[in-house]
Structure formats: structure tokens, C-alpha cells
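Undergrad: Structure for the following, please:
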Amino acid sequence: TRLVASLGGVGIFGGFLLASLLSIQGYLNPEFQYFFAAALVIFFLGKVLYDDRVGLLAAFFVCIDPVHWVCSERIWMETTLGFFMLLSVFLFVLGRKQKYYLPLCGISIGLAMLTKYPGILSLFIIISFVILAERPMLKQKWFWALGLLSFLVFLPWIVWNMSVYGNLLNAVISVHSLGG
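TA: Prediction:
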């Protein structure tokens, strides 16, 4: 009983996640993969920062959020973007104690940027946090690996847009232009 009791929110959330995954056929509804992955990341982020109850409550709120449901059922990119941005924050939190998570954080940021342009906000937020609160981190090679890997993951997009549009600004501006 001690092992089961120590699971706490993990056991409850794991049961919910397992029941949800069993009831929804992933190959028929691929949009729910990022929905549940984001809820799982939120749970572990709350668990790492606070405790099981906070993680469980945060995951519950994500699961009942109507915007999260609408974005995932319509296969909008916001669900995928949200997952990678949340994953980058989670990996950064882990990386503050175990540095080898920081390159994984950079890869997650790069994937967020490949999903949608606002994915770069994760990088700006993390850099701002480090400058304001964790300045010694600026001297660590692991932190710089985070930025380098996010750039390297995003590099194919840059190269492709340079070859098609000639410069990076045309790639962003022409897509969002209202005029001819």
C-alpha cells in the first residue's frame, strides 16, 4: 500500500490519461496526441515546481480548457505549438538543476519555431529570465547549446526561405500581406 499511496496525483493522472488514450483511437484522431502530450507536460511541470496536487490541478485545467479542445479537434497548429513551448519551459526548469536538459530545451524551441513563428517567444522568455534572475547561467556552455540547437533546428526553414524568397522578411511579410 505504501507504493500505491506514494503515487498520489501521478496515479490519478496516469489513470485518467490511460483511460483517455484507450477510449480515443490515435490513428483516427491524431490531433489529440498533442492535446494529451501538453496535459502530461503541464502535469510534470506543476509536479516539479510544486507538488503532485498542483500538477494534477494544472493538467485538469488544461484538459477542460475549451480553447485547447477546439484547437486540437480542428487540427490547428496552436496545439502543437503549445506542446513544444510547454516542453521547452519544462526542459528549461529541469535544465536549471541538470544541465544536459538544456540542449533538449533548445531542440524543443527549434521545433516550436518550425511549427509557427511565435515559437521564438519561448527563446525570448528563457533568455529574459536568465538575464534577470539566473545571470551566472550565461557563462555555461549548456545554456549556449540551447540557443545554438534551437537555431540549428530552425536553419532548414531559413535556408529554404532564402532560396525561395531571396530574404527572410519576404517569407514572413508576403504570407501575411493583404495587398497584391
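
Undergrad: Now the terminal residues of stretch 85-103, how far apart.
TA: From its first residue to its last, stretch 85-103 covers 14 Å (C-alpha to C-alpha, to the nearest Å).

Undergrad: List the buried residues in it.
TA: Under the neighbour-count criterion of 16 or more other C-beta atoms under 10 Å, stretch 85-103 has 85-92, 94-95, 99, 101-103 buried. Quick note: C-beta positions are derived from backbone N, CA and C, even for glycine.

Undergrad: ok, now stretch 158-167?
TA: residue 161.

Undergrad: thinking residue 137 is in contact with residue 130, fair?
TA: Yes: between residue 137 and residue 130 there is a contact under C-beta atoms under 8 Å: 4.9 Å.

Undergrad: between these two, who's got more neighbours?
TA: residue 137 (21 against 18; other C-beta atoms under 10 Å).

Undergrad: Stretch 96-111: how far from the chain's middle?
TA: Chain-centre distance of stretch 96-111: 11 Å, with C-alpha atoms, centre = their mean, to the nearest Å.

Undergrad: Packing partners of the top helix by length along the chain?
TA: Assignment by DSSP state H gives helix 141-165 as the longest helix of the chain. Using 3 or more C-beta pairs under 8 Å, 6 or more residues apart in numbering; DSSP states H and E as the contact criterion, the elements in contact with helix 141-165 are helix 77-95, helix 101-115, helix 120-133, helix 168-175.

Undergrad: closest to residue 151 out of these?
TA: Closest approach to residue 151 among the helices and strands packed on helix 141-165 is made by helix 101-115 (7.2 Å; C-beta to C-beta).

Undergrad: what's the closest one in contact with?
TA: 77, 80-81, 84-85, 87-88, 91-92, 94-95, 119-120, 122-123, 126, 140, 142-143, 145-154, 157 (C-beta atoms under 8 Å, 6 or more residues apart in numbering).

Undergrad: who touches both of residue 137 and residue 130?
TA: residue 143.

Undergrad: related to what we said a few turns ago, compare the helices and strands packed on helix 141-165 and give me the one nearest residue 47.
TA: Residue 47 sits nearest to helix 77-95 of all the helices and strands packed on helix 141-165, at 10.1 Å, using C-beta to C-beta.

Undergrad: Nothing else from me, thank you.
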